[in-house]
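A.B. asks: The sequence and its predicted three-dimensional model are supplied below.
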Amino acid sequence: MMEENKNSNTKLIIIALAVLLLGALAYTFYTNTEHKKLTDQIEVEKLEIEQNLDSMIVRYEDAIAQKTSMSAELTIERDRIIALRDSIKDMKVINYSMLRRYKGEISKLEESNKKLFMLNESLISSNQLLTTNLDSAKVVITKQIAKNDTLLVQNLTLAKKVAIGSELKISTAKVLAMKERNNGKLVETTRANNTDALRINLTIVKNEIAEPGDRQVYIQIADAQGKTLSPKGEFMLYDNTQVSYSDLSMVNYMNEAIDLISLVEVNRDLMKAGTYTVNIYIENKFVGAIKFVLK
(Lines give C-alpha, C1' and ligand atoms only; values in the text may rest on other atoms or scores of the structure.)
Protein backbone atom coordinates (compact mmCIF):
# COMPACT_ATOMS: atom_id res chain seq x y z
CA MET A 1 0.00 0.00 0.00
CA MET A 2 2.76 2.35 0.94
CA GLU A 3 4.57 1.44 -2.30
CA GLU A 4 1.50 2.38 -4.31
CA ASN A 5 1.21 5.76 -2.56
CA LYS A 6 4.86 6.46 -3.22
CA ASN A 7 4.49 5.73 -6.90
CA SER A 8 1.38 7.89 -7.08
CA ASN A 9 3.17 10.85 -5.52
CA THR A 10 6.06 10.46 -7.87
CA LYS A 11 3.72 10.56 -10.86
CA LEU A 12 2.07 13.68 -9.51
CA ILE A 13 5.42 15.39 -9.05
CA ILE A 14 6.47 14.44 -12.58
CA ILE A 15 3.19 15.74 -13.97
CA ALA A 16 3.54 18.97 -11.98
CA LEU A 17 7.13 19.43 -13.21
CA ALA A 18 6.03 18.75 -16.76
CA VAL A 19 3.28 21.32 -16.48
CA LEU A 20 5.70 23.84 -15.01
CA LEU A 21 8.20 23.12 -17.80
CA LEU A 22 5.55 23.55 -20.45
CA GLY A 23 4.44 26.77 -18.82
CA ALA A 24 8.03 27.99 -18.68
CA LEU A 25 8.55 27.09 -22.31
CA ALA A 26 5.31 28.77 -23.29
CA TYR A 27 6.25 31.90 -21.32
CA THR A 28 9.72 31.94 -22.82
CA PHE A 29 8.28 31.56 -26.34
CA TYR A 30 5.78 34.33 -25.68
CA THR A 31 8.45 36.56 -24.19
CA ASN A 32 10.80 35.97 -27.14
CA THR A 33 7.97 36.63 -29.59
CA GLU A 34 7.00 39.87 -27.88
CA HIS A 35 10.65 40.92 -27.66
CA LYS A 36 11.10 40.30 -31.37
CA LYS A 37 7.94 42.29 -32.12
CA LEU A 38 9.24 45.14 -29.95
CA THR A 39 12.67 44.99 -31.54
CA ASP A 40 11.18 44.97 -35.04
CA GLN A 41 8.95 47.91 -34.14
CA ILE A 42 11.94 49.82 -32.79
CA GLU A 43 13.86 49.10 -36.02
CA VAL A 44 10.90 50.33 -38.10
CA GLU A 45 10.66 53.54 -36.10
CA LYS A 46 14.45 53.96 -36.27
CA LEU A 47 14.26 53.64 -40.08
CA GLU A 48 11.39 56.16 -40.17
CA ILE A 49 13.48 58.61 -38.14
CA GLU A 50 16.42 58.17 -40.53
CA GLN A 51 14.16 58.70 -43.56
CA ASN A 52 12.64 61.76 -41.91
CA LEU A 53 16.10 63.17 -41.32
CA ASP A 54 17.12 62.35 -44.92
CA SER A 55 14.10 64.32 -46.16
CA MET A 56 15.10 67.24 -43.96
CA ILE A 57 18.63 67.14 -45.37
CA VAL A 58 17.27 67.22 -48.95
CA ARG A 59 15.09 70.23 -48.09
CA TYR A 60 18.10 72.00 -46.61
CA GLU A 61 20.19 71.21 -49.69
CA ASP A 62 17.48 72.72 -51.92
CA ALA A 63 17.22 75.80 -49.71
CA ILE A 64 21.01 76.25 -49.61
CA ALA A 65 21.12 76.02 -53.42
CA GLN A 66 18.95 79.17 -53.60
CA LYS A 67 22.01 81.12 -52.35
CA THR A 68 20.22 83.59 -50.14
CA SER A 69 21.77 85.51 -47.26
CA MET A 70 20.71 82.62 -44.99
CA SER A 71 22.74 79.96 -46.84
CA ALA A 72 25.45 79.88 -44.15
CA GLU A 73 22.93 79.40 -41.34
CA LEU A 74 21.10 76.73 -43.31
CA THR A 75 24.38 74.91 -43.93
CA ILE A 76 25.09 74.77 -40.18
CA GLU A 77 21.62 73.33 -39.48
CA ARG A 78 22.00 70.79 -42.29
CA ASP A 79 25.31 69.58 -40.88
CA ARG A 80 23.69 69.15 -37.45
CA ILE A 81 20.95 66.99 -38.96
CA ILE A 82 23.50 64.91 -40.90
CA ALA A 83 25.44 64.31 -37.67
CA LEU A 84 22.22 63.26 -35.86
CA ARG A 85 21.21 60.90 -38.68
CA ASP A 86 24.65 59.28 -38.77
CA SER A 87 24.69 58.79 -35.00
CA ILE A 88 21.32 56.98 -35.19
CA LYS A 89 22.49 54.79 -38.07
CA ASP A 90 25.66 53.79 -36.20
CA MET A 91 23.83 52.73 -33.01
CA LYS A 92 23.66 48.93 -32.62
CA VAL A 93 21.32 48.91 -29.62
CA ILE A 94 18.39 51.27 -29.24
CA ASN A 95 15.31 51.34 -26.98
CA TYR A 96 12.08 53.29 -26.70
CA SER A 97 13.61 55.73 -24.25
CA MET A 98 16.27 56.64 -26.79
CA LEU A 99 13.66 56.79 -29.58
CA ARG A 100 11.57 59.24 -27.55
CA ARG A 101 14.65 61.40 -27.00
CA TYR A 102 15.49 61.41 -30.71
CA LYS A 103 11.87 62.11 -31.63
CA GLY A 104 11.91 65.03 -29.22
CA GLU A 105 15.02 66.43 -30.90
CA ILE A 106 13.45 65.94 -34.32
CA SER A 107 10.30 67.80 -33.20
CA LYS A 108 12.47 70.72 -32.12
CA LEU A 109 14.30 70.57 -35.45
CA GLU A 110 11.01 70.59 -37.35
CA GLU A 111 9.87 73.69 -35.48
CA SER A 112 13.22 75.35 -36.20
CA ASN A 113 12.93 74.22 -39.83
CA LYS A 114 9.56 75.90 -40.23
CA LYS A 115 10.92 79.25 -39.08
CA LEU A 116 14.12 78.99 -41.12
CA PHE A 117 12.34 77.85 -44.29
CA MET A 118 9.64 80.50 -43.94
CA LEU A 119 12.31 83.18 -43.60
CA ASN A 120 14.30 81.70 -46.49
CA GLU A 121 11.20 81.54 -48.70
CA SER A 122 10.50 85.15 -47.84
CA LEU A 123 14.04 86.06 -48.91
CA ILE A 124 13.63 84.07 -52.14
CA SER A 125 10.35 85.86 -52.89
CA SER A 126 11.99 89.21 -52.18
CA ASN A 127 14.93 88.30 -54.41
CA GLN A 128 12.59 87.19 -57.19
CA LEU A 129 10.65 90.42 -56.90
CA LEU A 130 13.89 92.38 -56.91
CA THR A 131 15.10 90.40 -59.94
CA THR A 132 11.81 91.07 -61.72
CA ASN A 133 12.08 94.78 -60.90
CA LEU A 134 15.70 94.80 -62.04
CA ASP A 135 14.76 93.05 -65.28
CA SER A 136 12.00 95.60 -65.85
CA ALA A 137 14.44 98.40 -65.06
CA LYS A 138 16.97 96.89 -67.47
CA VAL A 139 14.33 96.79 -70.20
CA VAL A 140 13.46 100.43 -69.53
CA ILE A 141 17.14 101.41 -69.41
CA THR A 142 17.88 99.45 -72.60
CA LYS A 143 15.00 101.17 -74.37
CA GLN A 144 16.17 104.54 -73.06
CA ILE A 145 19.74 103.84 -74.17
CA ALA A 146 18.48 102.84 -77.62
CA LYS A 147 16.39 106.01 -77.72
CA ASN A 148 19.38 108.09 -76.57
CA ASP A 149 21.59 106.41 -79.18
CA THR A 150 19.01 107.23 -81.85
CA LEU A 151 18.86 110.83 -80.64
CA LEU A 152 22.65 110.97 -80.56
CA VAL A 153 22.86 109.74 -84.15
CA GLN A 154 20.19 112.23 -85.15
CA ASN A 155 22.01 115.02 -83.30
CA LEU A 156 25.31 114.08 -84.90
CA THR A 157 23.66 113.99 -88.31
CA LEU A 158 22.04 117.34 -87.63
CA ALA A 159 25.32 118.74 -86.32
CA LYS A 160 27.07 117.60 -89.50
CA LYS A 161 24.37 119.19 -91.60
CA VAL A 162 24.63 122.40 -89.59
CA ALA A 163 28.40 122.32 -89.88
CA ILE A 164 28.15 121.82 -93.62
CA GLY A 165 25.44 124.45 -93.90
CA SER A 166 27.50 126.94 -91.90
CA GLU A 167 30.54 126.66 -94.19
CA LEU A 168 31.22 129.78 -96.23
CA LYS A 169 31.09 129.56 -99.99
CA ILE A 170 31.93 131.82 -102.90
CA SER A 171 29.63 132.67 -105.79
CA THR A 172 31.17 134.83 -108.49
CA ALA A 173 34.92 134.81 -109.06
CA LYS A 174 36.98 136.36 -111.85
CA VAL A 175 40.70 136.61 -112.64
CA LEU A 176 42.24 139.45 -114.66
CA ALA A 177 45.84 139.58 -115.85
CA MET A 178 47.17 143.12 -115.47
CA LYS A 179 50.15 144.95 -116.93
CA GLU A 180 51.63 148.10 -115.48
CA ARG A 181 52.04 151.14 -117.76
CA ASN A 182 54.82 153.66 -117.43
CA ASN A 183 52.56 155.93 -115.40
CA GLY A 184 51.94 153.09 -112.92
CA LYS A 185 48.39 152.43 -114.00
CA LEU A 186 47.31 148.78 -114.33
CA VAL A 187 45.43 147.73 -117.42
CA GLU A 188 44.07 144.36 -118.51
CA THR A 189 46.16 142.03 -120.73
CA THR A 190 45.96 138.50 -122.09
CA ARG A 191 49.69 137.96 -122.72
CA ALA A 192 51.90 136.17 -120.22
CA ASN A 193 55.03 138.24 -121.00
CA ASN A 194 53.09 141.45 -120.26
CA THR A 195 51.58 140.32 -116.97
CA ASP A 196 52.79 142.15 -113.88
CA ALA A 197 49.92 141.30 -111.57
CA LEU A 198 46.85 139.13 -111.27
CA ARG A 199 43.62 140.58 -109.92
CA ILE A 200 41.12 138.15 -108.34
CA ASN A 201 37.58 139.35 -107.68
CA LEU A 202 35.29 137.08 -105.66
CA THR A 203 32.16 137.23 -103.52
CA ILE A 204 31.61 135.29 -100.28
CA VAL A 205 27.92 134.46 -100.20
CA LYS A 206 25.46 135.26 -97.42
CA ASN A 207 25.09 132.57 -94.75
CA GLU A 208 22.81 133.26 -91.79
CA ILE A 209 23.85 130.24 -89.71
CA ALA A 210 27.59 130.72 -90.07
CA GLU A 211 29.48 132.00 -87.04
CA PRO A 212 30.22 135.70 -87.55
CA GLY A 213 33.75 136.96 -87.11
CA ASP A 214 37.11 137.27 -88.80
CA ARG A 215 37.99 134.83 -91.59
CA GLN A 216 41.29 134.17 -93.30
CA VAL A 217 41.00 133.89 -97.09
CA TYR A 218 43.96 132.29 -98.85
CA ILE A 219 44.63 132.69 -102.58
CA GLN A 220 46.93 130.24 -104.33
CA ILE A 221 47.90 130.89 -107.95
CA ALA A 222 49.44 127.84 -109.61
CA ASP A 223 50.97 127.45 -113.06
CA ALA A 224 50.40 124.49 -115.38
CA GLN A 225 52.94 122.42 -113.41
CA GLY A 226 51.18 123.17 -110.09
CA LYS A 227 53.94 125.50 -108.83
CA THR A 228 52.71 128.39 -106.67
CA LEU A 229 53.39 131.85 -108.07
CA SER A 230 54.74 134.53 -105.75
CA PRO A 231 54.48 132.34 -102.60
CA LYS A 232 54.05 134.30 -99.36
CA GLY A 233 53.87 131.40 -96.91
CA GLU A 234 52.08 128.16 -96.07
CA PHE A 235 48.99 127.09 -94.15
CA MET A 236 47.51 123.73 -93.14
CA LEU A 237 44.24 122.21 -94.34
CA TYR A 238 41.90 120.27 -92.03
CA ASP A 239 43.52 117.01 -93.27
CA ASN A 240 46.98 118.33 -92.27
CA THR A 241 48.02 119.00 -95.88
CA GLN A 242 50.47 121.90 -96.21
CA VAL A 243 49.55 124.43 -98.91
CA SER A 244 51.58 127.44 -100.05
CA TYR A 245 49.66 130.61 -100.80
CA SER A 246 50.16 133.67 -102.99
CA ASP A 247 48.01 136.08 -100.96
CA LEU A 248 46.21 136.24 -97.63
CA SER A 249 43.28 138.50 -96.84
CA MET A 250 41.45 138.92 -93.52
CA VAL A 251 37.73 139.65 -93.78
CA ASN A 252 35.21 140.41 -91.03
CA TYR A 253 32.27 138.23 -91.96
CA MET A 254 28.90 139.32 -90.51
CA ASN A 255 26.56 136.81 -92.21
CA GLU A 256 26.12 139.07 -95.24
CA ALA A 257 27.57 138.72 -98.76
CA ILE A 258 30.97 140.36 -98.97
CA ASP A 259 33.15 141.21 -102.00
CA LEU A 260 36.88 140.64 -101.91
CA ILE A 261 39.61 141.83 -104.30
CA SER A 262 43.08 140.26 -104.19
CA LEU A 263 45.98 141.70 -106.22
CA VAL A 264 49.03 139.45 -106.57
CA GLU A 265 52.16 140.91 -108.15
CA VAL A 266 54.15 138.55 -110.38
CA ASN A 267 57.43 138.69 -112.32
CA ARG A 268 56.54 138.96 -116.02
CA ASP A 269 59.88 137.40 -116.96
CA LEU A 270 58.77 134.18 -115.24
CA MET A 271 55.29 134.13 -116.73
CA LYS A 272 54.77 131.69 -119.57
CA ALA A 273 51.85 131.08 -121.91
CA GLY A 274 49.47 128.41 -120.69
CA THR A 275 46.66 127.58 -118.27
CA TYR A 276 46.79 128.85 -114.69
CA THR A 277 44.62 127.96 -111.69
CA VAL A 278 43.51 130.12 -108.80
CA ASN A 279 42.58 128.04 -105.75
CA ILE A 280 40.59 129.76 -103.01
CA TYR A 281 40.54 128.65 -99.35
CA ILE A 282 38.59 130.08 -96.42
CA GLU A 283 40.31 129.17 -93.16
CA ASN A 284 41.43 125.56 -93.75
CA LYS A 285 38.83 124.49 -96.32
CA PHE A 286 38.95 124.60 -100.11
CA VAL A 287 35.96 126.58 -101.43
CA GLY A 288 36.56 126.95 -105.18
CA ALA A 289 38.94 127.28 -108.14
CA ILE A 290 39.18 129.44 -111.27
CA LYS A 291 41.16 128.64 -114.39
CA PHE A 292 42.44 131.24 -116.87
CA VAL A 293 44.68 131.19 -119.93
CA LEU A 294 47.52 133.49 -120.89
CA LYS A 295 48.91 133.66 -124.44
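C.D. replies: Arrived safely, thanks for sending.

A.B. asks: Outline the domain layout of the chain.
C.D. replies: 2-127, 170-294 (automatic domain parsing).

A.B. asks: right, and those domains - which one's nearest Gln144?
C.D. replies: Closest approach to Gln144 among those is made by domain 2-127 (24.9 Å; C-beta to C-beta). The way it works is simple: take the backbone N, C-alpha and C, and place the C-beta from them, glycine included.

A.B. asks: quick revisit: got the domains of the chain as a markdown table, with mean pLDDT columns?
C.D. replies: Listed next are the domains of the chain as a markdown table, based on pLDDT from 0 to 100:
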| stretch | mean pLDDT |
| --- | --- |
| domain 2-127 | 67 |
| domain 170-294 | 87 |
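
A.B. asks: winner for burial among the ones you listed?
C.D. replies: Of all the domains of the chain, domain 170-294 carries the top mean neighbour count, a mean of 15, counting by mean count of other C-beta atoms under 10 Å.

A.B. asks: end-to-end on that domain?
C.D. replies: End-to-end distance of domain 170-294 (C-alpha to C-alpha, to the nearest Å): 24 Å.

A.B. asks: now stretch 192-207
C.D. replies: Start-to-end, stretch 192-207 (C-alpha to C-alpha) is 37 Å.

A.B. asks: same thing with stretch 187-198?
C.D. replies: End-to-end distance of stretch 187-198 (C-alpha to C-alpha): 11 Å.

A.B. asks: which residues make contact with that stretch from outside it?
C.D. replies: With contact meaning C-beta atoms under 8 Å, 6 or more residues apart in numbering, stretch 187-198 is reached by 175-181, 186, 221, 229, 263-266, 268-269, 271-274, 276, 278, 294-295.

A.B. asks: Switch the domains of the chain over to a markdown table; also include distance to Lys147.
C.D. replies: Rendered in a markdown table, the data for those read as follows (distance: least, C-beta to C-beta, whole Å):
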| stretch | distance to Lys147 |
| --- | --- |
| domain 2-127 | 30 |
| domain 170-294 | 27 |
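
A.B. asks: Out of those domains, flag the one nearest Ile141.
C.D. replies: domain 2-127 (19.9 Å).

A.B. asks: re the thing from before, show me the contacts of stretch 187-198 that map onto strands.
C.D. replies: Taking DSSP state E as the definition of strands, the contacts of stretch 187-198 contribute 175-180, 186, 221, 263-265, 274, 276, 278, 294.

A.B. asks: Looking at these, which is nearest Gln51?
C.D. replies: Using C-beta to C-beta, Val278 comes nearest to Gln51 of the ones in strands among the contacts of stretch 187-198, at 102.8 Å.

A.B. asks: Hmm, Val217 and that closest one touching each other?
C.D. replies: No - counting by C-beta atoms under 8 Å, Val278 stays clear of Val217, with 12.0 Å between them.

A.B. asks: Of the domains of the chain, which is nearest Val140?
C.D. replies: The nearest among these, by C-beta to C-beta, is domain 2-127 at 20.0 Å.

A.B. asks: Just the pLDDT for Ala146.
C.D. replies: With respect to pLDDT, Ala146 has a value of 73.

A.B. asks: three-state assignment of it?
C.D. replies: Under DSSP: H, G, I helix; E, B strand; the rest coil, Ala146 falls in the helix class.

A.B. asks: Now do the same contact list for Thr277.
C.D. replies: Counting by C-beta under 8 Å, 6+ apart, Thr277 makes contact with 221-222, 289-291.

A.B. asks: Distance of it relative to Asp223?
C.D. replies: Relative to Asp223, Thr277 is positioned 8 Å away (C-beta to C-beta, to the nearest Å).

A.B. asks: what's the answer for Thr172, then?
C.D. replies: 24 Å.

A.B. asks: can you check Ile261 too?
C.D. replies: 22 Å.

A.B. asks: With Ser246 instead?
C.D. replies: Ser246 is 11 Å from Asp223, by C-beta to C-beta.

A.B. asks: do Asn207 as well
C.D. replies: In terms of C-beta to C-beta, Asn207 sits 32 Å off from Asp223.

A.B. asks: swap in Glu73?
C.D. replies: Taking C-beta to C-beta, one finds Glu73 at 92 Å from Asp223.

A.B. asks: For Val266, grab phi and psi.
C.D. replies: Backbone torsions of Val266, given as degrees, to the nearest 10, read phi -130, psi 160.

A.B. asks: Ok, Val243 next?
C.D. replies: phi -130, psi 130.

A.B. asks: Does it touch Gly226 like I think?
C.D. replies: No - under the criterion of C-beta under 8 Å, Val243 makes no contact with Gly226, lying 11.2 Å away.
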